[in-house]
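Novice: 3D model of this:
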Amino acid sequence: MKQLSKKKVKERRKKGIVKAYMSRAAAVRRLQVSLSDFRRLCILKGVYPVEPRNKSKLTGANTRRKTYFFTRDIQMLMNEPLLYKFSEFKVFMRRLTRAKGRHDREAFEKQMDNKPFYKLDTVVKERYPRFIDALRDCDDALSMCFLFAMFPKGPGRPDDLIDLSKKLTIEFMHYIINSKSLRKVFISIKGYYYQADIMGQTVTWLVPHQFVIDRVSNVDLNVMKTFTEFYVTVLGFINFKLYKSINAIYPPQVVADNLKELRETKGILDNQLTRKKSKKRKMPDDEQEALAAENRDDLIAALNKHIRILENKSVTKMENADQQPDVFDEEDEDKDNKSAEKKLSVQDVMLLERLFEGMKFFLNRETPRESLTFVIRSFGGEVSWDKNLFPGATFDESDPSITHQIVDRPSLSERRLNRVYIQPQWVYDSINMRMLLPTTEYLIGATLPPHLSPFVNEKRGDYVPPDKIKLINLRKRFEAEKASEARVSKGQAGVESDLETDNELENATAIGQNETEGEDDDADQARNKRKFKPNANADKDDIDSFDSKRSRERLDKNRRKRERDSNKSTSRSKMSVKTGKLKIEDKEELARKEDAEHRKMGIMMIPKKRKRLFDKITRTQKERKQKTEKMRHKRKIVEAVKSRSKRPAK
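Specialist: Residues are numbered from 1 along each chain as shown. Next up is the predicted model:
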C-alpha cells in the first residue's frame, strides 16, 4: 500500500505546472551535455529561460533560486543534430590532447586536419522561415558584428570571426550607401547609433567608437563568440538578399577608376588574405594595435569605393510571402514607439536621399573617417582625405571643387576662401533635421549647440528643450518655403496651360465666326427696331413718377421730426427705453465650459473598477506636468548662470 501511494504521489507531481517546466540541471542531465555546451546550444537554437507562473508549486519548501525552461523546448533539443557535432568535438579534443601529450606531431597535425565543423544554415532557416523575419530581428546581429569588427587580433581571440565580421559589416554599409536607406544618426558615449528603413522595416544598430578594445575580465567572451557565430550566418543571408534586391553583384566587386587603383585594391585584398593564412604568433600590444589600425584603414578605403551594379535595371522581386510583413495586434510592445514616429512622405524621403548631392567633403585626420564617410556617401556626397596619410583618397585637399572641409580642432594655420570649414556635428544635425542647417554655429572654434537625439519623441505635456524648438521652427520655415516654391511653380504651369487653352479656343471659334456673322447682323437689326419703337404715353409716366417721389420725401421728413420730438420728451422723464445692444457670445468659451461640464459628469459616471485606472492616468499626467515644470526651472537656472558668467568683470 505504501509503494502504491508513492507512485500516485509521483504521478500527481508530474501533472500540470510541474510537467510544463524543467530546471536547468534536469535539462543538462536529460541532454547528457556539459553546462557550457547546453548554454551554447540554447543560444544557437533560441531557447531562453522562463519564469513560471506559480513557482511555489515547483520549488515547494526549497528556497534556492533555479533557472527553468519549458519542457517542450528541451524535448525539441533532444533531436538536434548539433548534439552529435558537440560529441564529435569532445572526441576530437580528447585525441588532440593525447597526441599533444605524447609529442606526436604527425598525429597532432592529422587531428587538426580532421577537425569537425558544423554549419548553422538549417538553424537560421528554422528560426527565420521568411526573410522579413530575419530583417526584423537583425538589430542585435548588426550591433554584435560591428563590435567584433573592432576587436584586435591576438591569442585567445576568434580571428576568423573578427575577419568575417569586418567583411559582412562593410558589405552591409555598402548596401545602405547604394540603397539610400539611412534615416537617423546620433552620437553618444557608447558609439554611433544608426537607423535605416530597409524594405519597410526600421533597423537600428550601434557602432562603437574607434578605440582599441581591451579584454575585460567580467565579460564572458565565449558567450559573445557563440552569439556572433550565429549572427554572422544570419547577416550573410541578409546581405545576399539585400544585394539581390538592388541588382548588385554579391560578393561585392569594387569599381576602380583606373588600372593603378584596381591593382591597389587587389593588393589590399591579397594582403588581407596572406595575413589571414599566416601562422599565428604572439605579438606585442603595440604591434597588435598598429596591425588593427592598418586593417581598419584598408576597410575605410574600401568603403569609399563604388560597388558594381548590373546594368539591367529590372530588379529581382522578392517572393510575395517575404514582402508582406506580419500584422500584429494593437497591443504590441513597440506600438507606442511606432505610432510616435511620423512616417516620412515620398517627397521628404527623396529630398533626404539627395541632401548632400553635389557637395564635396574633405576630412582632416582628426575626424572620425569611417562614420563620416558612411554618412555622407549615404546622402549623395563625395568624401576624401589626405592620400599621404590613409589609403582610398579620391581627390586632394587643393581641389577647388571642395565645398566643405570638416575639422575637429580649435584653429587652422591655412584656410581657403572657396570652401566652408565646419565641425563634424553639422553633418549629423543636418541629417536629423532633414535640411542643410546654417553653418554659423558649427564653424571652427565655435561653441557647438547641443546634439539632440532624433530617437526621442516628446508626448503632449513633455518638456521640449528650447534648442529643439528652435530647430523645429527652422524646419517649419524651410517646409513653408518649399511649399510656396512648389505653389509658384505649379501656378506658372497653370497659367501656361490656361494660355494654351485660350489660344485653342480662339482658333476654334474663329472658324465658325464667318458662318454666324450674317445671322448676328439680322438679329441686331430686329433688336434695334424693338428698342427704338415710339411710345405715346412716355411723357405722362415721367410726370407721375416725379410727383410720387416728392410726396415720399415729404412723408420721411415729417416722420424724422416726430421721432426727434419724442426723444426729447423721454429724456426729461426718469424712466427711459433705449435701443438694446447685441451681446456677442464667445463660442470658444461656451464650448470650453460645456466640455468641462461633460468631463465632470463623465468622471462622476465612471464605475468603481475603472475609477482606479482613471486616477492612475491623471496621476501620471500630473507627475509629467510637475517634471516638465522642474525641467523648465532648471533650464532657467542654467541660463541665468550662463548670462552671469558672460558679463564682463568690473
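Novice: so Trp385 makes contact with Phe362?
Specialist: Yes. Trp385 is within contact range of Phe362, at 6.9 Å (criterion: C-beta atoms under 8 Å). (Glycine included, C-beta is placed from N, CA and C.)
Novice: of these two, give the one with the bigger neighbour count.
Specialist: More crowded of Trp385 and Phe362, by other C-beta atoms under 10 Å: Trp385, with 27 against 24.
Novice: who does the nearest residue to the more buried one once chain neighbours are set aside form a beta bridge with?
Specialist: For Trp385, the nearest residue in space outside its immediate sequence neighbours is Leu363; the separation is 4.6 Å by C-beta to C-beta, 6 or more residues apart in numbering. Beta-bridge pairing of Leu363 under DSSP bridges involves Ile406.
Novice: all further residue positions should be reported with the first residue as 45.
Specialist: Understood, numbering begins at 45; the last thing we discussed is Leu407.
Novice: got the contact list for Leu407?
Specialist: 413, 416-417, 427-429, 450 (C-beta atoms under 8 Å, 6 or more residues apart in numbering).
Novice: look up how far Val464 lies from it.
Specialist: 14 Å (C-beta to C-beta, to the nearest Å).
Novice: now do the shared contacts for those two.
Specialist: Between them, Leu407 and Val464 share no contacting residue under C-beta under 8 Å, 6+ apart.
Novice: wait, a strand at Arg227?
Specialist: Yes. In this structure, Arg227 lies within a strand as judged by DSSP: H, G, I helix; E, B strand; the rest coil.
Novice: quick one: neighbours of it, just the number.
Specialist: By the criterion of other C-beta under 10 Å, Arg227 has 22 neighbours.
Novice: so it touches Asp241, yeah?
Specialist: Yes. Arg227 lies in contact with Asp241 (C-beta under 8 Å); the separation is 5.4 Å.
Novice: endpoints of stretch 160-177, how far apart?
Specialist: End-to-end distance of stretch 160-177 (C-alpha to C-alpha, to the nearest Å): 30 Å.
Novice: just want the most central residue of the protein.
Specialist: Gln239 (4.0 Å; C-alpha atoms, centre = their mean).
Novice: and the host helix or strand of that one, average pLDDT?
Specialist: In this structure, Gln239 sits in strand 235-242 according to DSSP states H and E. Average pLDDT, strand 235-242: 94.
Novice: ditto for stretch 533-540
Specialist: Stretch 533-540 shows a mean pLDDT of 62.
Novice: please convert the contacts of Leu407 to TSV, extending it with pLDDT.
Specialist: Formatted as TSV, the contacts of Leu407 follow (pLDDT from 0 to 100):
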residue	pLDDT
Arg413	90
Leu416	93
Thr417	92
Val427	92
Ser428	92
Trp429	90
Ile450	93
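Novice: can you give me the helices in the stretch 495-644 of the chain?
Specialist: Assigned by DSSP state H, counting those that start in this stretch, the stretch 495-644 of the chain shows helices spanning 510-557, 561-575, 582-616, 631-648.
Novice: which stretch in these has the least confidence?
Specialist: Lowest mean pLDDT within the helices of the stretch 495-644 of the chain: helix 561-575, at a mean of 47.
Novice: after the strand holding Gln239 comes which helix or strand?
Specialist: strand 245-252.
Novice: show me what that next one is in contact with.
Specialist: Strand 245-252 is touched from outside by 176, 179-180, 182-183, 186-187, 190-191, 194, 234-241, 369, 382, 385, 415, 499, with contacts defined as C-beta under 8 Å, 6+ apart.
Novice: so which bits of that strand are buried?
Specialist: Going by neighbour count (16 or more other C-beta atoms under 10 Å), the buried part of strand 245-252 is 246-247, 249-251.
Novice: convert stretch 230-239 to CSV, retaining C-alpha atoms only.
Specialist: The C-alpha trace of stretch 230-239 is given here as CSV (Å, rounded to 0.1, in the frame of the first residue of the first chain):
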residue,chain,number,x,y,z
PHE,A,230,23.1,60.0,-33.2
ILE,A,231,26.5,60.2,-31.4
SER,A,232,26.6,59.0,-27.8
ILE,A,233,29.1,57.9,-25.3
LYS,A,234,28.6,54.3,-26.3
GLY,A,235,29.1,55.0,-30.0
TYR,A,236,27.2,55.9,-33.2
TYR,A,237,23.5,55.0,-33.4
TYR,A,238,22.2,54.5,-36.9
GLN,A,239,18.7,53.9,-38.1
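Novice: tell me how far it is from the chain's mean position?
Specialist: Averaged C-alpha coordinates place stretch 230-239 at 12 Å from its chain's average position (C-alpha atoms, centre = their mean, to the nearest Å).
Novice: same question, stretch 345-354
Specialist: Here stretch 345-354 is found 24 Å from its chain centre; the criterion is C-alpha atoms, centre = their mean.
Novice: how about that stretch: buried residues?
Specialist: Judged by neighbour count (16+ other C-beta under 10 Å), stretch 345-354 contains these buried residues: 345-349, 351, 353.
Novice: restricted to helices, list the residues you listed.
Specialist: Among these, the ones falling in helices (DSSP state H) are 345-347.
Novice: columns distance to Thr115 on top of those residues, output as CSV?
Specialist: Converted to CSV, those look like this (distance: C-beta to C-beta, whole Å):
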residue, distance to Thr115
Ala345, 53
Ala346, 49
Leu347, 48
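Novice: show me this protein divided up by domain.
Specialist: What automatic domain parsing lists as the domains of the chain is 61-157, 163-322+330-361.
Novice: among these, which is the most enclosed?
Specialist: Highest mean neighbour count of the domains of the chain: domain 163-322+330-361, a mean of 16 (counted as mean count of other C-beta atoms under 10 Å).
Novice: the helices in the stretch 95-244 of the chain, which residues?
Specialist: Going by DSSP H, counting those that start in this stretch, the stretch 95-244 of the chain shows helices at 99-103, 115-121, 126-145, 149-157, 165-171, 175-180, 183-193, 203-223.
Novice: would you turn those helices into CSV with distance to Val263 and mean pLDDT?
Specialist: Converted to CSV, the helices of the stretch 95-244 of the chain look like this (distance: least, C-beta to C-beta, whole Å; pLDDT from 0 to 100):
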stretch, distance to Val263, mean pLDDT
helix 99-103, 30, 74
helix 115-121, 26, 91
helix 126-145, 24, 88
helix 149-157, 29, 87
helix 165-171, 25, 92
helix 175-180, 27, 92
helix 183-193, 11, 93
helix 203-223, 16, 92
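Novice: closest to Glu401 out of those?
Specialist: For Glu401, the closest of these is helix 203-223, at 13.3 Å, according to C-beta to C-beta.
Novice: need the contact partners of that closest one.
Specialist: 186, 189-190, 192-193, 195, 197, 225-226, 240, 242, 269, 272-273, 276, 279-280, 282-283, 286-287, 290, 292, 294-296, 316, 320, 324, 339, 343, 346-347, 351, 353, 418, 421-422.
Novice: give me the subset of these that lies in strands.
Specialist: Of the contacts of helix 203-223, the ones assigned to strands by DSSP state E are 226, 240, 242, 351.
Novice: I'd guessed the last one sits against Val299; true?
Specialist: Yes. The pair formed by Ile351 and Val299 meets the contact definition of C-beta under 8 Å, at 6.6 Å.
Novice: tell me, how many residues neighbour Lys671?
Specialist: If you count neighbours by other C-beta under 10 Å, Lys671 ends up with 13.
Novice: again, but for Lys503
Specialist: By the criterion of other C-beta under 10 Å, Lys503 has 8 neighbours.
Novice: got a list of contacts for stretch 452-460?
Specialist: 408, 410-411, 449, 465, 467-468, 488-489.
Novice: could I have it exported to CSV, CA atoms only?
Specialist: Only the C-alpha atoms of stretch 452-460 are listed here, as CSV (Å, rounded to 0.1, in the frame of the first residue of the first chain):
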residue,chain,number,x,y,z
ASP,A,452,37.8,69.0,-35.3
ARG,A,453,40.4,71.3,-33.9
PRO,A,454,40.2,74.8,-32.5
SER,A,455,42.1,76.6,-35.3
LEU,A,456,43.9,76.2,-38.6
SER,A,457,47.0,77.8,-39.9
GLU,A,458,45.9,78.0,-43.5
ARG,A,459,42.4,78.5,-44.9
ARG,A,460,40.9,78.7,-48.4
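Novice: circling back to that earlier point, want to throw the ones in helices among the buried residues of stretch 345-354 into a markdown table with distance to Lys512 and pLDDT?
Specialist: Listed next are these as a markdown table, based on distance: C-beta to C-beta, whole Å; pLDDT from 0 to 100:
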| residue | distance to Lys512 | pLDDT |
| --- | --- | --- |
| Ala345 | 37 | 81 |
| Ala346 | 37 | 82 |
| Leu347 | 32 | 82 |
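Novice: nice, that's everything, thank you.
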